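Participant: Build me a model:
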Amino acid sequence: MNLAESLAILRDKVDKISSLKEDKGHLDHPEDLIFLGGSAGANRALEASIATVKNPKTVTIKWDGYPALIFGRNGRGQFSIMDKHMFNKKDGTGRQVFSPEQFVQYDQARGVDRAGLHTLMAEIWPGLAKASSGAKGYYWGDLLFSQTLKEQNGLYVFKANPNGITYKVVADSDIGKLMAGKQGGIAVHQYLAPNAMTTDQATSLDGSIGQLKNNSNIAIVPSAMPITPKMKIDTSLVKGAQNAIKKYGASVDQMMDNAPQARNTFNQLFTVYINKKIVAGDLNNMLDGFMDFVEARPMTDKMKAKIVEYLRSNQEALVGAFTIWVEMYKLKMSIVDQLNKAAKSSPVKGYLDDGTETHEGFVSNGLKFVDRMGFSRQNLAGR
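Facilitator: A predicted model of the protein is given here:
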């Protein structure tokens, strides 16, 4: 079994256990913050959207790589590679893996078979260790390719996520030259201090590669956009979001704060429903069908009765939550459209399976700006 076959098996296993919610440490969509943080979250999303347009130099590419890896050195200079779940393990054992052999032993001790990932670890460990020599802390990134790329008509073509984006990079560009002849490539986007204990402590690299070096057989790819986009804010969309938050914010807060269910679990009723609507390809009439979704959601009959009754008694807040979501989504998409337009003149281009030119998305001010009816729909449907 070669490396590509091993990775395909690994992806299949991961996809089968993946849920439709965001994992700890992931960035949020601006529009979802009304569900995750109430009116304060919505206002944060609004401010982040405006700040993104005012300072487009802060925008970075959200590379569609696989798998996501955290690598680097602890305070004693010991090198390690982990996934985010290992890094976040409360007892710290996931951060005590200092060789490919120990990585295998870690999985064996918990009865997990990740043979494809073990093969990958052995392949990339030396190169990433060399790239991080002298650097402090950890780097969070996504593997873009794991075998030397062959030039095709002046382009490097690769696809790390089988359900995601196909990239075409101009071989003679700065990023293309970074990839030339490399055994693998990883796009880095966030940094964790040597003493960090959770990915919640990650900070943006702002498009740089930090203290890493491109001195090994693994290309360290920055997430900075090759060109700075020119952007304008749509004041009518900003006003629409502001008015919706002002009108419904208080009632939404009350509904979220007093739900007869744990806050995170209650939030997921909304975020999982949104993702199901995205897979269905229909974001119209967001309120329609939500109660049917809740009533079909697995939970005890007693809890379901409480939730249904509670939602029915908070109709204004329910309407308001979806209204704010829609207004924020429209504002977000006006920004995504401008970013995708700017990317058309970039040496890095991405394509969906149907040939649509687009990136997975972009990152700015701690949030992800993604066309959920494009990349997200294809990616989620593929699971």
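
Participant: Which elements pack onto the helix of greatest length in the chain?
Facilitator: Identified as the longest helix of the chain according to DSSP state H is helix 315-343. In terms of contacts (3 or more C-beta pairs under 8 Å, 6 or more residues apart in numbering; DSSP states H and E), helix 315-343 is packed against helix 33-54, helix 235-257, strand 367-369. (C-beta placed from N, C-alpha, C; glycine too.)

Participant: Contacts for the shortest one, please.
Facilitator: Meaning strand 367-369. The contact list for strand 367-369, computed with C-beta atoms under 8 Å, 6 or more residues apart in numbering, reads 27-30, 33, 45, 48, 52, 59, 62, 332, 335-336, 339, 361-363.

Participant: how about a cut-off of 7 Å?
Facilitator: Residues outside strand 367-369 that contact it (C-beta atoms under 7 Å, 6 or more residues apart in numbering): 27-30, 45, 48, 62, 332, 335-336, 339, 361-362.

Participant: coming back round to it: skip ahead from the longest helix of the chain and say which helix or strand is next.
Facilitator: The element immediately downstream of helix 315-343 (helix or strand, assigned by DSSP states H and E) is strand 348-351.

Participant: Show me what that following strand is packed up against.
Facilitator: Here strand 348-351 touches strand 166-170, going by 3 or more C-beta pairs under 7 Å, 6 or more residues apart in numbering; DSSP states H and E.

Participant: count of neighbours near residue 150?
Facilitator: By other C-beta atoms under 10 Å, the residues close to residue 150 number 9.

Participant: Relative to residue 280, how far out is residue 353?
Facilitator: Separation of residue 353 from residue 280 (C-beta to C-beta, to the nearest Å) stands at 18 Å.

Participant: Does residue 132 touch residue 79 like I think?
Facilitator: Yes. The pair residue 132 / residue 79 is scored as a contact, 6.3 Å apart, by C-beta atoms under 7 Å.

Participant: Between these two, which contacts overlap?
Facilitator: Counting by C-beta under 7 Å, 6+ apart, the shared contacts of residue 132 and residue 79 are residue 73.

Participant: So between those two, which is more surrounded?
Facilitator: Neighbour totals were compared for residue 132 and residue 79, and residue 132 leads with 25 against 20 (other C-beta under 10 Å).

Participant: on that earlier part again, tell me what angle the longest helix of the chain forms with helix 33-54.
Facilitator: Here helix 315-343 runs at an angle of 30 degrees relative to helix 33-54 (axes from the mean of the first three to the mean of the last three C-alpha atoms, to 10 degrees).

Participant: Test my guess that residue 203 contacts residue 191.
Facilitator: Yes. In this structure residue 203 lies within contact range of residue 191 using C-beta under 7 Å: 5.4 Å.

Participant: Correct me if wrong: residue 330 contacts residue 239.
Facilitator: No. Counting by C-beta under 7 Å, residue 239 is not a contact partner of residue 330; they are 11.5 Å apart.

Participant: Which one's more surrounded, the two?
Facilitator: residue 330 (15 against 12).

Participant: burial count for the nearest residue to that one once chain neighbours are set aside?
Facilitator: The shortest distance from residue 330 to any non-neighbouring residue, by C-beta to C-beta, 6 or more residues apart in numbering, is to residue 237 (5.5 Å). Neighbour count of residue 237, defined by other C-beta under 10 Å: 19.

Participant: where do the helices sit along this protein?
Facilitator: Counting by DSSP H, the helices of the chain are 3-17, 33-54, 84-88, 100-109, 115-131, 174-179, 235-257, 263-280, 290-296, 301-312, 315-343, 377-382.

Participant: Take the ones you listed and write them to TSV, including distance to residue 68 and mean pLDDT.
Facilitator: Below are the helices of the chain laid out as TSV (distance: least, C-beta to C-beta, whole Å; pLDDT from 0 to 100):
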stretch	distance to residue 68	mean pLDDT
helix 3-17	10	41
helix 33-54	21	97
helix 84-88	6	95
helix 100-109	15	96
helix 115-131	11	95
helix 174-179	19	96
helix 235-257	29	98
helix 263-280	19	95
helix 290-296	29	94
helix 301-312	33	96
helix 315-343	22	96
helix 377-382	14	87
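
Participant: sorry, back to before: I'd like to know which of the helices and strands packed on helix 315-343 is closest to residue 173.
Facilitator: Proximity to residue 173 (C-beta to C-beta) singles out strand 367-369 among those, at 23.1 Å.

Participant: for the closest one, the distance to its chain's centre please.
Facilitator: 8 Å (C-alpha atoms, centre = their mean, to the nearest Å).

Participant: Quick one: residues contacting residue 89.
Facilitator: Per C-beta under 7 Å, 6+ apart, neighbours of residue 89: none.

Participant: what's the distance between it and residue 198?
Facilitator: Taking C-beta to C-beta, one finds residue 89 at 10 Å from residue 198.

Participant: which residues are in contact with both of those two?
Facilitator: Shared contacts of residue 89 and residue 198 (C-beta under 7 Å, 6+ apart): none.

Participant: show me the contacts for residue 97.
Facilitator: Residue 97 touches 80, 82, 86, 103, 106, counting by C-beta under 7 Å, 6+ apart.

Participant: one more time with 6 Å, if that's ok
Facilitator: 80, 103, 106 (C-beta atoms under 6 Å, 6 or more residues apart in numbering).
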